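>>> task: produce atomic coordinates for the following.
(chains A and B)
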There are 2 protein chains.
Amino acid sequence: MIRTLEVALGDRAYPIHIGQQLLADPRWYQPHIRGRQVMIVSNETVAPLYLAQVEQALTGYQLARVILPDGEEYKTLEVWHRIFDSLLCNRFSRDCTLVALGGGVVGDMAGFAAACYQRGVDFIQVPTTLLAQVDSSVGGKTGVNHPLGKNMIGAFHQPRAVIIDTDTLNTLPDREVSAGLAEVIKYGLIRDPEFFAWLEVQMLSLRARNGAALAAAIERSCRNKAEVVAADERESGQRALLNLGHTFGHAIETGMGYGAWLHGEAVGVGMCQAADLSCRLGWLGAADRDRARDLIAAAGLPTAPPKELTPQTFRDLMAVDKKVQDGRLRLVLLQGIGVSLVTGEFDLAKLDETLNQA
Amino acid sequence: MIRTLEVALGDRAYPIHIGQQLLADPRWYQPHIRGRQVMIVSNETVAPLYLAQVEQALTGYQLARVILPDGEEYKTLEVWHRIFDSLLCNRFSRDCTLVALGGGVVGDMAGFAAACYQRGVDFIQVPTTLLAQVDSSVGGKTGVNHPLGKNMIGAFHQPRAVIIDTDTLNTLPDREVSAGLAEVIKYGLIRDPEFFAWLEVQMLSLRARNGAALAAAIERSCRNKAEVVAADERESGQRALLNLGHTFGHAIETGMGYGAWLHGEAVGVGMCQAADLSCRLGWLGAADRDRARDLIAAAGLPTAPPKELTPQTFRDLMAVDKKVQDGRLRLVLLQGIGVSLVTGEFDLAKLDETLNQA
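Residues are numbered from 1 along each chain as shown, chains lettered A, B, ... in the order given. Just a heads-up that it's a prediction; the model follows:
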């Protein structure tokens, strides 16, 4: 069964197709490709597994490919530059389309290249990790990291389509499944308590890669994401709620060196810290804080930050977050399971307690 | 006298202020700065002359500055990266404003950094060369060069305001005045025959830097540009006419090595070539072709391409132009003084004649 959702963004609206055996089927690509030139951007891990299928689907186009090294530590301006080398060596014009085949790093870099090549060309997301399928491939956030801050250089650029082939999860390492589940849990925590309760029941099935459970979790996650993005494309309001755990998490990723922790792992810890702080502020009950932490742990994720990261370093790294306004740190915090807010109005001493207790 | 034009782009509309003694006056900046943090981006030539005045105008803000090397050869991703280093070292947040103080290279790089820093922050253009004042600071085209093609990496990102202080032209080398006049002449050629005739009369005064003549030429140029941009912000139609001479010109700049020729010089030659080709196609009379070439020569600009560039190299470099569609080269050509069109429907043998006759 193929499920199709729509991200309702007016003239930039696009479909998300979710199902099995989509990769090699031209029907999912062709309606979204305007010219004759298609550049596939992938990485060294994913290309040997799935590139041939995608190339088969794109028979008849002028095809080129660029294969990037795999890992968050390569999400840099320098590696990004290679995509342009390839586009220009192949004389790709403004009516070309980029296809991002891989996880969040590939999607973010290919999407950002599409945003900037000749000031903007089309791209299609073909996410192959759970994390990219439930989060980063939808919504148009693209970019690269800077040594001093994650995702600090980027653009909003919506894809023309998102093609999610759940068969690709069969080759995903367990650690990456857990990392993807962090973003799945996030939707439950910030706005979908019914989904959170369902996840509490289904977590073992999900980690065992039950196909029906995974497909349902992906669809529900994408539906949540699509609703938020359609209401606030450029993050002037509620879209910021999608960053639950991310300000803490980005500090872990930047502080430990990109690639040491998976993004989802860092977000898992960050959500525990956000729940802990919310509880210390008296906004979230201890029972709900524990439910959040227990589900994150059940997903196979860490719940405490790395010992190497001192509270002082944590605070310094959090100070460059994109949600800082007029010098004030703003965080996504919880008032219940499924009830969240963005605020800079909290007691910084309580934040110190959260950072110190780890 | 201060003249103010408006670029009518709905919620992204912005003013262009033109006059003397604007640089050091806070009134032109303050209404367009939302936060407290302001980063001035300038270059090694302009900063010693004008940075102090701009900093005086911005007293009271948290100020930082980044000074780039001067020249088209530094309009690269590597140099662009330094702007982010400075923004992050100073912990600038998403409500900061960049001020581009300099010529087209500074404006393009600062504007592109503003487009991408934290996925988009505000910026103000303070152009100090004639070319930047009449063309590149208005309209939101930003970007950097790639070794294989000019302006191939970039974004559309409109400034919050353009502040044109004509006093800055007093320190501009003659060669740069001529380069700026190329873009001034362009408006006459593509859409404003009355302005073209006025330029034929005023060219000596303009090169002698008569203040009233320059102010009038700048205002008329900005008015032409603002009208075109307001009608077609993203270049899906008539905005492409602004590229008269640019496909030829970019080939010269790329082929000779960025910085060897000034952009305006290359565009001057390119407009002569476009007029020559238009004449060979029977679309433009020989008298009008000569008027175009004579005015370009009178501006102190070259009218023939460098001998080092063979016709074959020219064609190869033109093949990566942003106006290429489905493999077909498209050019801006003339049907009269003030009458232009974008077309891929022309006899390529005639293009060869134009390239060979130089």
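
>>> ok, A:Tyr61 to chain B distance?
Look at A:Tyr61 and chain B: by C-beta to the nearest C-beta, to the nearest Å, they are 12 Å apart. Backbone N, C-alpha and C define where each C-beta goes, glycine included.

>>> what does the stretch 201-350 of chain A put close to chain B?
Contact residues, the stretch 201-350 of chain A versus chain B (C-beta under 8 Å from any C-beta of the partner chain): A:234, A:319-320, A:322-327.

>>> which of those residues tops the neighbour count?
When neighbours are counted by other C-beta atoms under 10 Å in any protein chain shown, A:Val320 leads those with 25 neighbours.

>>> can you give me the strands for the stretch 1-150 of chain A?
For the stretch 1-150 of chain A, the strands defined by DSSP state E, counting those that start in this stretch occupy A:3-7, A:14-19, A:37-43, A:62-68, A:97-102, A:122-127, A:141-146, A:149-156.

>>> ranking the ones you listed by burial, who's on top?
Comparing these by mean neighbour count (mean count of other C-beta atoms under 10 Å in any protein chain shown), strand A:97-102 ranks first with a mean of 29.

>>> adjacent strands (with direction) for that one?
Strand pairing for strand A:97-102, determined by DSSP bridges: strand A:37-43 (parallel), strand A:122-127 (parallel).

>>> quick check: mean pLDDT of the last one?
Strand A:122-127 carries an average pLDDT of 98.

>>> ok, stretch A:287-305 next?
The average pLDDT within stretch A:287-305 is 98.

>>> name the surrounding residues that touch stretch A:181-188.
Contacts with stretch A:181-188, where a contact means C-beta atoms under 8 Å, 6 or more residues apart in numbering or on different chains, come from A:130-131, A:134-135, A:195-199, A:203, A:206-207, A:217, A:220-221, A:224-225, A:242, A:244-245, A:264-265, A:267-268, A:271, A:292, A:295-296, A:299-301, A:337-338.

>>> nearest to A:Ala287, out of the strands paired with strand A:97-102?
Closest to A:Ala287 of the strands paired with strand A:97-102, according to C-beta to C-beta: strand A:122-127, at 34.8 Å.

>>> right, and chain B sits closest to which residue of the stretch 201-350 of chain A?
The minimum distance from the stretch 201-350 of chain A to chain B, using C-beta to the nearest C-beta, falls at A:Val324 (4.3 Å).

>>> returning to that earlier point: can I get the strands of the stretch 1-150 of chain A in a markdown table with distance to B:Gly60?
Output for the strands of the stretch 1-150 of chain A, formatted as a markdown table (distance: least, C-beta to C-beta, whole Å):
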| stretch | distance to B:Gly60 |
| --- | --- |
| strand A:3-7 | 43 |
| strand A:14-19 | 45 |
| strand A:37-43 | 45 |
| strand A:62-68 | 45 |
| strand A:97-102 | 44 |
| strand A:122-127 | 43 |
| strand A:141-146 | 28 |
| strand A:149-156 | 26 |
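
>>> and stretch A:206-224, how far out from the chain middle?
With C-alpha atoms, centre = their mean, to the nearest Å as the basis, stretch A:206-224 stands 15 Å off its chain's centre.

>>> no wait, stretch A:11-18
Put simply, stretch A:11-18 sits 17 Å off its chain's centre (C-alpha atoms, centre = their mean).

>>> could you see whether chain B lies near that stretch?
No - against chain B, stretch A:11-18 shows no contacts by C-beta under 8 Å from any C-beta, the least distance being 11.8 Å.

>>> export that stretch as PDB, just CAs?
Once non-C-alpha atoms are left out, stretch A:11-18 reads as follows in PDB (Å, rounded to 0.1, in the frame of the first residue of the first chain):
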ATOM      1  CA  ASP A  11       2.500  27.000  -5.200                       C
ATOM      2  CA  ARG A  12       5.300  25.100  -3.400                       C
ATOM      3  CA  ALA A  13       3.000  22.300  -2.200                       C
ATOM      4  CA  TYR A  14       4.500  18.800  -2.600                       C
ATOM      5  CA  PRO A  15       3.600  15.100  -2.000                       C
ATOM      6  CA  ILE A  16       5.200  12.700   0.400                       C
ATOM      7  CA  HIS A  17       4.900   9.100  -0.900                       C
ATOM      8  CA  ILE A  18       5.400   6.300   1.600                       C
END
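
>>> fine by me, we can end here.
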